[in-house]
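Novice: Quick one, structure for this:
(one chain, ligands or ions: 1)
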Amino acid sequence: MINTRQDAVHKLRSFIKNGLNTYSSQRNFDLGPQNRTNVSNLSPFIRKRILHEEEVLNECLKVKKYEHIEKFIQEVFWRTYWKGWLEGRSEVWEKYKMSLNELVEQHKFGIRKKNYDDAVNARTGIDCFDFWVNELIEFGYLHNHSRMWFASIWIHTLNLPWQLGANFFLKHLLDGDPASNTLSWRWVAGLHTQGKSYLANEDNINKFTQNRFKNKKNLSLKPKIFDYDFYEYKPRGFETFDKKLENNTILINLNNISYNKKTFDIYLNNNICLIENMVKNDNSEVVEAFNKKALEDHISILREKNAKLKIFKDVSDFINYLNKNNCDQIFTFYPSIGRQKDFLDCIAKVNNLILTFIYDDFDQMCWPYASSGFFKFKKKIPFFLNKVNNN
Ligand SMILES: Cc1cc2nc3c(=O)[nH]c(=O)nc-3n(C[C@H](O)[C@H](O)[C@H](O)COP(=O)(O)OP(=O)(O)OC[C@H]3O[C@@H](n4cnc5c(N)ncnc54)[C@H](O)[C@@H]3O)c2cc1C
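Specialist: I've put the predicted structure just below:
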(Lines give C-alpha, C1' and ligand atoms only; values in the text may rest on other atoms or scores of the structure.)
Protein backbone atom coordinates (compact mmCIF):
# COMPACT_ATOMS: atom_id res chain seq x y z
CA MET A 1 0.00 0.00 0.00
CA ILE A 2 1.45 3.39 -0.96
CA ASN A 3 1.88 6.00 1.73
CA THR A 4 0.41 9.51 1.71
CA ARG A 5 3.65 11.09 0.52
CA GLN A 6 3.95 8.64 -2.40
CA ASP A 7 0.31 9.24 -3.23
CA ALA A 8 0.92 13.02 -3.26
CA VAL A 9 4.01 12.76 -5.47
CA HIS A 10 2.20 10.41 -7.83
CA LYS A 11 -0.76 12.83 -8.13
CA LEU A 12 1.60 15.75 -8.80
CA ARG A 13 3.45 13.86 -11.55
CA SER A 14 0.29 12.63 -13.14
CA PHE A 15 -1.21 16.14 -13.14
CA ILE A 16 1.92 17.62 -14.69
CA LYS A 17 1.75 14.97 -17.41
CA ASN A 18 -1.99 14.99 -18.07
CA GLY A 19 -3.62 18.16 -16.76
CA LEU A 20 -1.17 21.06 -16.53
CA ASN A 21 -1.19 21.97 -20.23
CA THR A 22 -4.94 22.40 -20.43
CA TYR A 23 -5.52 23.59 -16.85
CA SER A 24 -6.19 27.19 -17.79
CA SER A 25 -8.98 26.37 -20.28
CA GLN A 26 -10.46 23.34 -18.48
CA ARG A 27 -10.12 24.09 -14.77
CA ASN A 28 -13.56 25.62 -14.31
CA PHE A 29 -15.41 22.48 -15.39
CA ASP A 30 -16.72 20.24 -12.65
CA LEU A 31 -17.22 16.95 -14.48
CA GLY A 32 -18.06 14.98 -11.35
CA PRO A 33 -16.12 13.06 -8.70
CA GLN A 34 -15.05 10.32 -11.13
CA ASN A 35 -13.55 12.74 -13.62
CA ARG A 36 -11.08 15.10 -12.04
CA THR A 37 -8.07 15.13 -14.35
CA ASN A 38 -8.66 18.79 -15.30
CA VAL A 39 -7.57 19.93 -11.81
CA SER A 40 -4.68 18.73 -9.67
CA ASN A 41 -6.49 17.33 -6.58
CA LEU A 42 -3.39 18.29 -4.61
CA SER A 43 -5.01 20.50 -1.98
CA PRO A 44 -5.21 17.90 0.87
CA PHE A 45 -1.45 17.36 0.50
CA ILE A 46 -0.41 20.99 0.02
CA ARG A 47 -2.63 21.98 2.93
CA LYS A 48 -0.58 19.78 5.30
CA ARG A 49 2.69 20.50 3.50
CA ILE A 50 3.05 16.82 2.60
CA LEU A 51 3.83 18.61 -0.65
CA HIS A 52 5.36 22.00 -0.06
CA GLU A 53 4.26 24.81 -2.39
CA GLU A 54 7.90 25.25 -3.45
CA GLU A 55 8.09 21.64 -4.55
CA VAL A 56 4.89 21.93 -6.59
CA LEU A 57 6.09 25.15 -8.23
CA ASN A 58 9.56 23.80 -8.99
CA GLU A 59 8.28 20.53 -10.45
CA CYS A 60 5.88 22.39 -12.76
CA LEU A 61 8.49 24.92 -13.80
CA LYS A 62 10.91 22.15 -14.71
CA VAL A 63 8.64 21.23 -17.62
CA LYS A 64 6.91 24.51 -18.50
CA LYS A 65 7.74 28.19 -18.44
CA TYR A 66 5.79 30.41 -16.03
CA GLU A 67 4.19 32.32 -18.94
CA HIS A 68 2.66 29.03 -20.22
CA ILE A 69 1.22 27.86 -16.90
CA GLU A 70 0.53 31.21 -15.26
CA LYS A 71 -3.00 30.30 -14.20
CA PHE A 72 -1.98 27.19 -12.28
CA ILE A 73 0.95 28.94 -10.60
CA GLN A 74 -1.35 31.77 -9.56
CA GLU A 75 -3.82 29.32 -8.04
CA VAL A 76 -1.04 27.77 -5.95
CA PHE A 77 -0.27 31.26 -4.69
CA TRP A 78 -3.92 31.91 -3.74
CA ARG A 79 -3.45 29.71 -0.67
CA THR A 80 -0.29 31.64 0.28
CA TYR A 81 -2.10 34.91 -0.24
CA TRP A 82 -5.10 33.93 1.92
CA LYS A 83 -2.80 32.74 4.70
CA GLY A 84 -0.76 35.93 4.60
CA TRP A 85 -3.92 38.07 4.48
CA LEU A 86 -5.32 36.35 7.59
CA GLU A 87 -2.00 36.51 9.44
CA GLY A 88 -2.20 40.30 9.16
CA ARG A 89 -5.81 40.35 10.36
CA SER A 90 -6.09 37.76 13.10
CA GLU A 91 -9.32 39.37 14.43
CA VAL A 92 -11.16 37.91 11.41
CA TRP A 93 -10.52 34.39 12.74
CA GLU A 94 -11.39 35.40 16.32
CA LYS A 95 -14.63 37.04 15.20
CA TYR A 96 -15.53 34.05 13.03
CA LYS A 97 -15.17 31.68 16.00
CA MET A 98 -17.22 33.93 18.27
CA SER A 99 -20.09 34.32 15.84
CA LEU A 100 -19.96 30.62 15.04
CA ASN A 101 -20.44 29.72 18.72
CA GLU A 102 -23.38 32.11 18.99
CA LEU A 103 -24.95 30.77 15.80
CA VAL A 104 -24.56 27.13 16.82
CA GLU A 105 -26.47 27.91 20.01
CA GLN A 106 -29.19 29.86 18.16
CA HIS A 107 -29.53 27.16 15.53
CA LYS A 108 -30.25 24.46 18.06
CA PHE A 109 -33.63 26.08 18.57
CA GLY A 110 -33.84 28.85 15.98
CA ILE A 111 -36.35 29.35 13.21
CA ARG A 112 -33.76 28.55 10.53
CA LYS A 113 -33.06 25.13 12.04
CA LYS A 114 -35.16 23.36 9.41
CA ASN A 115 -33.37 25.15 6.54
CA TYR A 116 -30.04 24.24 8.08
CA ASP A 117 -30.99 20.60 8.70
CA ASP A 118 -32.32 20.29 5.15
CA ALA A 119 -29.11 21.78 3.76
CA VAL A 120 -26.65 19.55 5.62
CA ASN A 121 -28.77 16.45 4.98
CA ALA A 122 -29.06 17.09 1.23
CA ARG A 123 -32.82 17.69 1.35
CA THR A 124 -33.14 21.17 -0.16
CA GLY A 125 -34.63 19.97 -3.46
CA ILE A 126 -31.92 21.92 -5.34
CA ASP A 127 -30.41 18.99 -7.22
CA CYS A 128 -26.89 20.27 -7.62
CA PHE A 129 -26.63 21.47 -4.03
CA ASP A 130 -27.91 18.19 -2.59
CA PHE A 131 -25.49 16.30 -4.81
CA TRP A 132 -22.55 18.40 -3.59
CA VAL A 133 -23.51 17.86 0.06
CA ASN A 134 -23.33 14.09 -0.48
CA GLU A 135 -20.15 14.38 -2.53
CA LEU A 136 -18.48 16.48 0.15
CA ILE A 137 -19.46 14.04 2.89
CA GLU A 138 -18.34 10.98 0.92
CA PHE A 139 -15.10 12.23 -0.65
CA GLY A 140 -14.02 15.15 1.55
CA TYR A 141 -13.53 17.19 -1.61
CA LEU A 142 -15.44 19.56 -3.88
CA HIS A 143 -14.27 21.23 -7.07
CA ASN A 144 -13.46 24.93 -6.63
CA HIS A 145 -16.34 26.11 -8.85
CA SER A 146 -18.79 23.91 -6.93
CA ARG A 147 -17.49 25.33 -3.64
CA MET A 148 -18.32 28.78 -5.00
CA TRP A 149 -21.81 27.76 -6.18
CA PHE A 150 -22.42 25.84 -2.95
CA ALA A 151 -21.47 28.81 -0.77
CA SER A 152 -23.57 31.16 -2.89
CA ILE A 153 -26.67 28.94 -2.67
CA TRP A 154 -26.12 28.48 1.08
CA ILE A 155 -25.89 32.23 1.70
CA HIS A 156 -27.95 33.95 -0.99
CA THR A 157 -30.66 31.35 -1.74
CA LEU A 158 -31.09 29.32 1.45
CA ASN A 159 -30.51 32.39 3.58
CA LEU A 160 -28.21 30.58 5.98
CA PRO A 161 -25.34 32.23 7.90
CA TRP A 162 -22.03 31.94 6.04
CA GLN A 163 -20.23 30.97 9.27
CA LEU A 164 -22.26 27.75 9.58
CA GLY A 165 -21.48 26.89 5.97
CA ALA A 166 -17.76 27.52 6.50
CA ASN A 167 -17.89 25.29 9.56
CA PHE A 168 -19.65 22.54 7.61
CA PHE A 169 -16.85 22.71 5.01
CA LEU A 170 -14.10 22.61 7.67
CA LYS A 171 -15.66 19.51 9.17
CA HIS A 172 -15.79 17.62 5.87
CA LEU A 173 -12.98 18.87 3.63
CA LEU A 174 -9.72 16.90 3.55
CA ASP A 175 -8.06 20.20 2.71
CA GLY A 176 -10.03 22.18 5.35
CA ASP A 177 -7.93 25.32 5.79
CA PRO A 178 -8.93 28.14 8.15
CA ALA A 179 -7.54 30.84 5.84
CA SER A 180 -8.69 29.65 2.39
CA ASN A 181 -12.02 28.49 3.74
CA THR A 182 -13.04 31.37 6.01
CA LEU A 183 -11.89 34.02 3.56
CA SER A 184 -13.50 32.37 0.53
CA TRP A 185 -16.82 32.15 2.36
CA ARG A 186 -16.48 35.83 3.32
CA TRP A 187 -15.70 36.63 -0.31
CA VAL A 188 -18.87 34.86 -1.55
CA ALA A 189 -20.87 36.73 1.11
CA GLY A 190 -19.48 40.06 -0.12
CA LEU A 191 -17.46 40.71 3.02
CA HIS A 192 -14.00 40.54 1.47
CA THR A 193 -14.27 43.25 -1.17
CA GLN A 194 -16.79 45.99 -0.49
CA GLY A 195 -19.74 45.83 -2.89
CA LYS A 196 -18.66 42.51 -4.45
CA SER A 197 -20.33 39.23 -3.63
CA TYR A 198 -20.53 36.04 -5.65
CA LEU A 199 -23.90 34.93 -6.98
CA ALA A 200 -24.30 31.50 -8.59
CA ASN A 201 -26.52 31.37 -11.67
CA GLU A 202 -28.15 28.43 -13.39
CA ASP A 203 -26.66 29.00 -16.85
CA ASN A 204 -23.16 29.05 -15.42
CA ILE A 205 -23.78 25.88 -13.39
CA ASN A 206 -25.27 24.13 -16.43
CA LYS A 207 -22.36 25.10 -18.66
CA PHE A 208 -19.57 24.11 -16.28
CA THR A 209 -21.21 20.91 -15.05
CA GLN A 210 -22.17 19.97 -18.62
CA ASN A 211 -25.86 19.87 -17.70
CA ARG A 212 -25.46 17.20 -15.06
CA PHE A 213 -28.20 18.73 -12.87
CA LYS A 214 -31.77 19.88 -13.12
CA ASN A 215 -31.86 22.87 -10.81
CA LYS A 216 -35.44 22.34 -9.68
CA LYS A 217 -35.78 25.46 -7.58
CA ASN A 218 -34.90 29.00 -8.59
CA LEU A 219 -31.60 30.30 -7.33
CA SER A 220 -31.54 33.76 -5.84
CA LEU A 221 -31.18 36.53 -8.42
CA LYS A 222 -30.02 39.06 -5.88
CA PRO A 223 -27.19 38.73 -3.40
CA LYS A 224 -27.84 39.15 0.28
CA ILE A 225 -26.23 42.33 1.54
CA PHE A 226 -24.21 42.25 4.77
CA ASP A 227 -22.63 45.12 6.66
CA TYR A 228 -19.13 45.36 5.29
CA ASP A 229 -16.52 45.03 8.03
CA PHE A 230 -13.13 46.47 7.30
CA TYR A 231 -10.03 45.01 9.00
CA GLU A 232 -6.83 46.94 9.01
CA TYR A 233 -3.71 45.02 8.01
CA LYS A 234 -1.17 44.75 10.82
CA PRO A 235 2.18 43.47 9.55
CA ARG A 236 3.24 40.46 11.62
CA GLY A 237 6.78 39.91 12.74
CA PHE A 238 8.51 36.54 12.67
CA GLU A 239 10.08 35.95 16.06
CA THR A 240 13.56 34.46 15.88
CA PHE A 241 15.57 32.52 18.45
CA ASP A 242 19.33 32.44 19.00
CA LYS A 243 19.36 28.96 20.44
CA LYS A 244 20.81 26.25 18.20
CA LEU A 245 18.08 23.78 17.34
CA GLU A 246 19.75 20.73 18.83
CA ASN A 247 18.47 18.36 21.50
CA ASN A 248 15.33 20.41 21.95
CA THR A 249 11.76 19.21 22.10
CA ILE A 250 9.93 19.57 18.81
CA LEU A 251 6.24 18.88 18.72
CA ILE A 252 4.84 17.67 15.40
CA ASN A 253 1.63 19.38 14.37
CA LEU A 254 -0.85 18.33 11.70
CA ASN A 255 -0.29 21.43 9.61
CA ASN A 256 3.33 20.62 8.88
CA ILE A 257 3.73 17.01 7.91
CA SER A 258 6.59 18.06 5.75
CA TYR A 259 9.06 15.86 3.91
CA ASN A 260 11.52 18.55 2.91
CA LYS A 261 15.19 18.51 3.83
CA LYS A 262 15.02 21.42 6.26
CA THR A 263 12.29 19.72 8.29
CA PHE A 264 14.13 16.40 8.44
CA ASP A 265 17.42 18.09 9.36
CA ILE A 266 15.67 19.73 12.30
CA TYR A 267 13.84 16.55 13.28
CA LEU A 268 16.95 14.41 13.25
CA ASN A 269 18.86 16.73 15.62
CA ASN A 270 16.13 17.01 18.22
CA ASN A 271 13.65 15.03 20.28
CA ILE A 272 10.44 14.76 18.36
CA CYS A 273 7.14 14.41 20.13
CA LEU A 274 3.73 13.60 18.84
CA ILE A 275 0.48 13.74 20.78
CA GLU A 276 -2.13 11.33 19.46
CA ASN A 277 -5.61 12.83 19.29
CA MET A 278 -4.06 16.25 19.62
CA VAL A 279 -7.03 18.33 18.55
CA LYS A 280 -10.51 17.15 19.38
CA ASN A 281 -12.06 18.64 16.30
CA ASP A 282 -15.50 18.04 15.04
CA ASN A 283 -13.97 16.40 11.93
CA SER A 284 -15.84 13.93 9.76
CA GLU A 285 -14.72 10.29 9.78
CA VAL A 286 -13.28 10.70 6.28
CA VAL A 287 -11.12 13.62 7.43
CA GLU A 288 -10.05 11.82 10.62
CA ALA A 289 -9.00 8.75 8.64
CA PHE A 290 -6.92 10.88 6.25
CA ASN A 291 -5.24 12.76 9.12
CA LYS A 292 -4.49 9.51 10.94
CA LYS A 293 -2.95 7.91 7.86
CA ALA A 294 -0.90 11.04 7.05
CA LEU A 295 0.57 11.01 10.57
CA GLU A 296 1.19 7.25 10.61
CA ASP A 297 3.06 7.44 7.31
CA HIS A 298 5.11 10.37 8.55
CA ILE A 299 6.01 8.50 11.72
CA SER A 300 7.12 5.40 9.88
CA ILE A 301 9.47 7.48 7.70
CA LEU A 302 10.86 9.14 10.84
CA ARG A 303 11.39 5.70 12.39
CA GLU A 304 13.20 4.50 9.28
CA LYS A 305 15.53 7.47 9.68
CA ASN A 306 16.13 6.58 13.35
CA ALA A 307 14.68 9.82 14.62
CA LYS A 308 14.34 10.22 18.40
CA LEU A 309 10.59 9.98 18.48
CA LYS A 310 8.21 9.84 21.43
CA ILE A 311 4.48 9.34 21.04
CA PHE A 312 2.04 10.39 23.76
CA LYS A 313 -1.54 9.31 23.97
CA ASP A 314 -2.79 12.68 25.22
CA VAL A 315 -1.72 16.13 26.38
CA SER A 316 -1.35 15.22 30.08
CA ASP A 317 0.95 12.35 29.14
CA PHE A 318 3.09 14.82 27.19
CA ILE A 319 3.12 17.37 30.03
CA ASN A 320 4.22 14.67 32.53
CA TYR A 321 7.11 13.85 30.24
CA LEU A 322 8.13 17.51 30.00
CA ASN A 323 7.96 17.91 33.79
CA LYS A 324 10.02 14.81 34.37
CA ASN A 325 12.67 16.15 32.01
CA ASN A 326 12.58 19.70 33.36
CA CYS A 327 11.65 20.98 29.97
CA ASP A 328 9.71 24.24 29.77
CA GLN A 329 10.24 25.13 26.11
CA ILE A 330 8.78 23.39 23.10
CA PHE A 331 9.31 24.14 19.44
CA THR A 332 6.91 23.51 16.61
CA PHE A 333 6.61 24.52 12.96
CA TYR A 334 4.30 27.52 12.77
CA PRO A 335 0.84 26.06 12.13
CA SER A 336 -0.73 29.38 10.90
CA ILE A 337 -3.82 30.97 12.33
CA GLY A 338 -6.49 28.37 12.98
CA ARG A 339 -7.60 25.65 15.35
CA GLN A 340 -4.25 23.89 15.54
CA LYS A 341 -2.51 27.10 16.64
CA ASP A 342 -5.34 27.91 19.08
CA PHE A 343 -4.85 24.52 20.65
CA LEU A 344 -1.05 24.80 20.93
CA ASP A 345 -1.30 28.33 22.39
CA CYS A 346 -3.76 26.97 24.94
CA ILE A 347 -1.52 24.04 26.00
CA ALA A 348 1.42 26.44 26.40
CA LYS A 349 -0.60 28.94 28.45
CA VAL A 350 -2.21 26.42 30.79
CA ASN A 351 1.10 24.65 31.46
CA ASN A 352 3.42 27.69 31.58
CA LEU A 353 5.41 26.49 28.60
CA ILE A 354 7.41 28.63 26.23
CA LEU A 355 6.07 27.82 22.78
CA THR A 356 8.52 28.78 20.05
CA PHE A 357 7.56 28.67 16.41
CA ILE A 358 9.85 27.69 13.57
CA TYR A 359 8.78 29.65 10.50
CA ASP A 360 8.81 28.49 6.93
CA ASP A 361 11.08 30.54 4.61
CA PHE A 362 8.49 30.60 1.82
CA ASP A 363 5.80 31.98 4.14
CA GLN A 364 8.17 34.58 5.51
CA MET A 365 9.01 35.70 2.00
CA CYS A 366 5.43 35.90 0.69
CA TRP A 367 3.14 36.90 3.57
CA PRO A 368 4.33 40.51 3.94
CA TYR A 369 2.98 41.16 0.40
CA ALA A 370 -0.55 39.97 1.23
CA SER A 371 -1.53 43.27 2.80
CA SER A 372 -4.20 44.18 0.22
CA GLY A 373 -5.74 42.57 -2.90
CA PHE A 374 -4.58 39.47 -4.79
CA PHE A 375 -4.02 41.58 -7.91
CA LYS A 376 -1.16 43.42 -6.21
CA PHE A 377 0.15 40.21 -4.62
CA LYS A 378 0.26 38.32 -7.89
CA LYS A 379 2.55 40.95 -9.45
CA LYS A 380 5.21 39.68 -7.04
CA ILE A 381 4.95 36.08 -8.30
CA PRO A 382 7.95 36.34 -10.70
CA PHE A 383 10.01 37.70 -7.80
CA PHE A 384 8.87 34.83 -5.52
CA LEU A 385 9.61 32.26 -8.22
CA ASN A 386 13.06 33.63 -8.76
CA LYS A 387 13.84 33.16 -5.07
CA VAL A 388 12.26 29.70 -4.93
CA ASN A 389 14.35 28.65 -7.90
CA ASN A 390 17.56 29.84 -6.30
CA ASN A 391 17.00 27.94 -3.06
C1 LIG B 1 -16.16 28.58 -0.39
C2 LIG B 1 -14.78 28.03 -0.62
C3 LIG B 1 -14.14 27.34 0.39
C4 LIG B 1 -12.84 26.84 0.19
N5 LIG B 1 -12.23 26.17 1.22
C6 LIG B 1 -10.97 25.70 1.05
C7 LIG B 1 -10.32 25.01 2.10
O8 LIG B 1 -10.83 24.85 3.21
N9 LIG B 1 -9.07 24.51 1.85
C10 LIG B 1 -8.44 24.68 0.64
O11 LIG B 1 -7.33 24.20 0.48
N12 LIG B 1 -9.03 25.37 -0.35
C13 LIG B 1 -10.27 25.87 -0.19
N14 LIG B 1 -10.88 26.54 -1.23
C15 LIG B 1 -10.09 26.83 -2.45
C16 LIG B 1 -10.18 25.82 -3.60
O17 LIG B 1 -11.50 25.51 -3.86
C18 LIG B 1 -9.39 24.54 -3.35
O19 LIG B 1 -8.07 24.82 -2.92
C20 LIG B 1 -9.28 23.73 -4.67
O21 LIG B 1 -10.55 23.46 -5.16
C22 LIG B 1 -8.53 22.45 -4.41
O23 LIG B 1 -8.60 21.57 -5.51
P24 LIG B 1 -7.33 21.24 -6.39
O25 LIG B 1 -6.19 20.86 -5.52
O26 LIG B 1 -7.73 20.28 -7.44
O27 LIG B 1 -7.05 22.68 -7.01
P28 LIG B 1 -6.30 23.14 -8.32
O29 LIG B 1 -7.26 23.90 -9.14
O30 LIG B 1 -5.59 22.04 -8.97
O31 LIG B 1 -5.25 24.21 -7.75
C32 LIG B 1 -3.92 23.86 -7.34
C33 LIG B 1 -3.69 24.30 -5.93
O34 LIG B 1 -3.80 25.71 -5.81
C35 LIG B 1 -4.41 26.06 -4.56
N36 LIG B 1 -5.70 26.71 -4.86
C37 LIG B 1 -6.44 26.61 -5.97
N38 LIG B 1 -7.53 27.40 -5.90
C39 LIG B 1 -7.46 28.02 -4.71
C40 LIG B 1 -8.27 28.98 -4.04
N41 LIG B 1 -9.37 29.49 -4.62
N42 LIG B 1 -7.91 29.39 -2.80
C43 LIG B 1 -6.80 28.90 -2.22
N44 LIG B 1 -5.97 28.00 -2.81
C45 LIG B 1 -6.30 27.56 -4.03
C46 LIG B 1 -4.60 24.76 -3.80
O47 LIG B 1 -3.49 24.53 -2.98
C48 LIG B 1 -4.68 23.74 -4.92
O49 LIG B 1 -4.33 22.44 -4.50
C50 LIG B 1 -12.18 27.05 -1.06
C51 LIG B 1 -12.85 27.74 -2.08
C52 LIG B 1 -14.13 28.22 -1.86
C53 LIG B 1 -14.82 28.96 -2.98
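Novice: tell me the pLDDT at the residue nearest the centre of the chain?
Specialist: The centroid of the chain falls nearest to residue 177 when counting by Cα atoms, centre = their mean (2.3 Å). Note on residue 177: pLDDT of 98.
Novice: Now for it: which residues touch it?
Specialist: 43, 47, 79, 82, 338 (Cβ atoms under 8 Å, 6 or more residues apart in numbering). To be clear about C-beta, it is placed using only N, CA and C from the backbone, and glycine gets the same treatment.
Novice: can you tell me the helix or strand for the third one?
Specialist: This means residue 79. Per DSSP states H and E: residue 79 is located in helix 70-87.
Novice: Alongside the ligand, which residues does this structure contribute?
Specialist: Selection of the chain residues close to the ligand by Cβ under 6 Å from any ligand atom yields 27, 39-43, 46-47, 75-76, 78-79, 82, 143-144, 147-148, 151, 169, 173, 175-177, 180-181, 184-185, 188.
Novice: Mind checking what secondary structure residue 278 has?
Specialist: coil (DSSP: H, G, I helix; E, B strand; the rest coil).
Novice: who touches it in this structure?
Specialist: Residues counted as contacts of residue 278 (Cβ under 8 Å, 6+ apart) are 253-254, 315, 340, 343.
Novice: Out of those residues, which end up buried?
Specialist: Buried subset of the contacts of residue 278 (neighbour count, 16 or more other Cβ atoms under 10 Å): 253-254, 315, 340, 343.
Novice: Among these, which lie within helices?
Specialist: Among the buried ones among the contacts of residue 278, DSSP state H puts 315, 340, 343 in helices.
Novice: Hmm, residue 252 and the second one touching each other?
Specialist: No - in this structure residue 340 lies outside contact range of residue 252 using Cβ atoms under 8 Å: 11.0 Å.
Novice: How many neighbouring residues does the closest residue to residue 141 other than its chain neighbours have?
Specialist: Counting by Cβ to Cβ, 6 or more residues apart in numbering, residue 174 is the residue found nearest to residue 141 once chain neighbours are left out, at 6.0 Å. As a burial measure, residue 174 scores 21 neighbours (other Cβ atoms under 10 Å).
Novice: where's the residue nearest to residue 269 when sequence neighbours are not counted relative to the ligand, distance?
Specialist: In space, and not counting its chain neighbours, residue 269 is closest to residue 246: 4.9 Å by Cβ to Cβ, 6+ apart. As judged by Cβ to the nearest ligand atom, to the nearest Å, residue 246 and the ligand stand 33 Å apart.
Novice: which residues of the stretch 251-391 of the chain score low on pLDDT?
Specialist: Applying pLDDT under 70 to the stretch 251-391 of the chain picks out residues 279-280, 390-391.
Novice: In it, which residue sits nearest the ligand?
Specialist: The ligand sits closest to residue 374 of the stretch 251-391 of the chain, with a gap of 9.5 Å, by Cβ to the nearest ligand atom.
Novice: which residues sit in contact with that residue?
Specialist: Going by Cβ under 8 Å, 6+ apart, residue 374 touches 78, 81.
Novice: same check, this time on residue 295
Specialist: Going by Cβ under 8 Å, 6+ apart, residue 295 touches 252, 254, 257, 274.
Novice: could you pull out the strands for this structure?
Specialist: Here the chain has its strands, by DSSP state E, at 249-251, 271-275, 308-312, 329-333, 354-358.
Novice: mind giving me JSON lines with these and columns for mean neighbour count?
Specialist: Putting the strands of the chain into JSON lines (neighbours: other Cβ atoms under 10 Å) gives the following:
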{"stretch": "strand 249-251", "mean neighbour count": "21"}
{"stretch": "strand 271-275", "mean neighbour count": "20"}
{"stretch": "strand 308-312", "mean neighbour count": "15"}
{"stretch": "strand 329-333", "mean neighbour count": "19"}
{"stretch": "strand 354-358", "mean neighbour count": "15"}
